[in-house]
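Visitor: After the sequence you'll find the predicted model.
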Amino acid sequence: MARALPPRGFEEEDTQKRLQWLEDKTGVRLDDVKPEQPSDYQGIIENHVGSVNMPMAVAGPLVLSGSYAQGEYYVPLCTLEATLSMSMSRGLYLTSLSGGIKTRHLKQELSRSPVFIFDDIEDAPEFRLWLEQNFEQIRDVAEATTRHGKLLRIDPYLMQNSVILDFVYYTAEAAGQNMVTIATQAACQYIYDAYDCEKPFHYFIECNFNCDKNPATKTILLGRGHQVTASTLIKGRYLKRVLRADAEGYVRGWRQCSRGSQLAGVVGMNMHVSNALAAIYMATGQDVACVSENALGSMDMEVRNGEDLYASLTMPSLTVGTVGGGTGLGQQRRNLELLGCVGENSSKMLAEIVCGAALGLELSLGASVLTNEFAQAHDRYRKRTVLEGKV
């Protein structure tokens with residue numbers, strides 16, 4: 001199949017051309033979704049007063065060879081930042097010329113971290129032993145609250161007279177934030193009632209050890225949600241043709257970016273994967289606040305074969321799902337259908353698509369900085385507002 005970038009232009013007829021082009025490519029029509037009624041928002045938002053009109057674009061082609069995502073994808077994006085969709089398309093088109101992006105889904109684990117507080121330090125080790133001996137009963141109580149979630153393990157961490165319990169779950173197609181909260185609450189109440197302790201003790205359902213919506217080193221090491229890695233080998237001739245860059249210069253530039261990140265204390269090692277995440281999350285009904293913990297991608301580049309660029313991105317935390325929350329809204333559901341992310345293993349497929357799209361965007365931005373086109377690109381695509389004779 002011949003691959004091409006989406007048709008360009010800012011007029012109504014250009015939008016219609018893109019919609020038809022996308023339907024011809026994927027078989028999915030995006031502009032025939034009926035608007036939601038207020039009752040449809042129950043469980044998603046309270047005190048509803050209306051909706052904000054968020055523009056949506058599409059980027060691609062994203063060619064993936066993954067554990068679950070296989071084939072050619074056109075990625076829906078909601079953003080207010082000029083150049084984002086065009087830049088992602090450029091990066092993805094570049095990788096498609098060299099055979100696409102390889103992705104591997106490594107694991108899916110989401111946790112909730114209650115803390116149990118005891119009277120003295122001697123009580124904590126005994127409590128940890130009791131947990132090990134009664135794990136099966138605790139697991140049964142937790143899993144009784146969900147049809148699809150599975151409690152994989154409980155990792156205890158002793159701190160003075162407290163014991164932090166990291167309840168680690170598999171959440172299937174759901175992102176699982178609410179799932180693990182409800183399951184862990186039931187498990188904690190069971191523990192509180194069943195544990196025979198002569199001294200008083202109490203617990204809190206969360207102590208922030210799981211780093212929910214917080215960037216943290218723990219998440220880089222252990223992951224949270226889906227953990228995905230992606231890589232691509234780009235031929236030197238395509239680097240020059242599409243990005244006007246060469247592999248050696250690219251790697252030198254990335255080294256300087258890495259040094260700047262280290263000096264500033266940046267958590268993670270990337271330029272702006274959060275841009276890709278936020279845009280895809282809004283388009284597919286994800287919890288956008290999770291971008292704060294999901295944007296911990298670790299990017300790396302090296303020269304191969306003297307002129308080719310090998311680029312890789314590992315994302316230890318992608319808290320995405322294809323059921324629940326905003327994924328049931330009409331346009332968000334249609335966008336997931338556009339990506340083929342429905343049914344079994346669809347959340348894993350979505351996570352691989354997100355990682356691949358983020359890699360493409362990183363490559364394009366890196367080239368714009370390297371070739372000193374970064375400012376010019378934003379100036380070209382921004383809308384100019386004339387006020388008192390000034391732009």
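Guide: Done, it's in.
Visitor: tell me the contacts of the nearest residue to residue 162 once chain neighbours are set aside?
Guide: Spatial nearest neighbour of residue 162, excluding adjacent residues (C-beta to C-beta, 6 or more residues apart in numbering): residue 117 at 4.9 Å. Backbone N, C-alpha and C define where each C-beta goes, glycine included. For residue 117, the contacting residues are 161-162, 201-204, by C-beta atoms under 8 Å, 6 or more residues apart in numbering.
Visitor: same check, this time on residue 123
Guide: By C-beta under 8 Å, 6+ apart, the neighbours of residue 123 are 161, 197, 199, 201.
Visitor: Which of the contacts of residue 117 fall within strands?
Guide: Under the assignment DSSP state E, those contribute 162, 202-204 to strands.
Visitor: Among those, which one sits closest to residue 324?
Guide: Closest approach to residue 324 among the ones in strands among the contacts of residue 117 (C-beta to C-beta): residue 204, at 24.9 Å.
Visitor: Which of the contacts of residue 117 are buried, as a ChimeraX select command?
Guide: In ChimeraX, this line selects whichever of those come out buried by 16 or more other C-beta atoms under 10 Å:
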select :162,201,203
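Visitor: returning to what we had before: farthest pair within the contacts of residue 123?
Guide: 161 and 197 (12.3 Å).
Visitor: rewinding a little: out of the ones in strands among the contacts of residue 117, which one sits closest to residue 185?
Guide: Distance to residue 185, by C-beta to C-beta, is smallest for residue 203 among these, at 10.0 Å.
Visitor: distance of the closest one from residue 119?
Guide: Taking C-beta to C-beta, to the nearest Å as the measure, residue 203 falls 13 Å from residue 119.
Visitor: likewise residue 184?
Guide: Look at residue 184 and residue 119: by C-beta to C-beta, they are 23 Å apart.
Visitor: same check, this time on residue 343
Guide: Residue 343 is 50 Å from residue 119, by C-beta to C-beta.
Visitor: Check residue 161 too.
Guide: Taken as C-beta to C-beta, the span from residue 161 to residue 119 is 7 Å.
Visitor: ok, now residue 35?
Guide: For residue 35 relative to residue 119 (C-beta to C-beta), the value is 57 Å.
Visitor: Compare these two and say which is more crowded by neighbours.
Guide: Neighbours were counted for residue 35 and for residue 119 using other C-beta atoms under 10 Å; residue 119 has more, 12 against 9.
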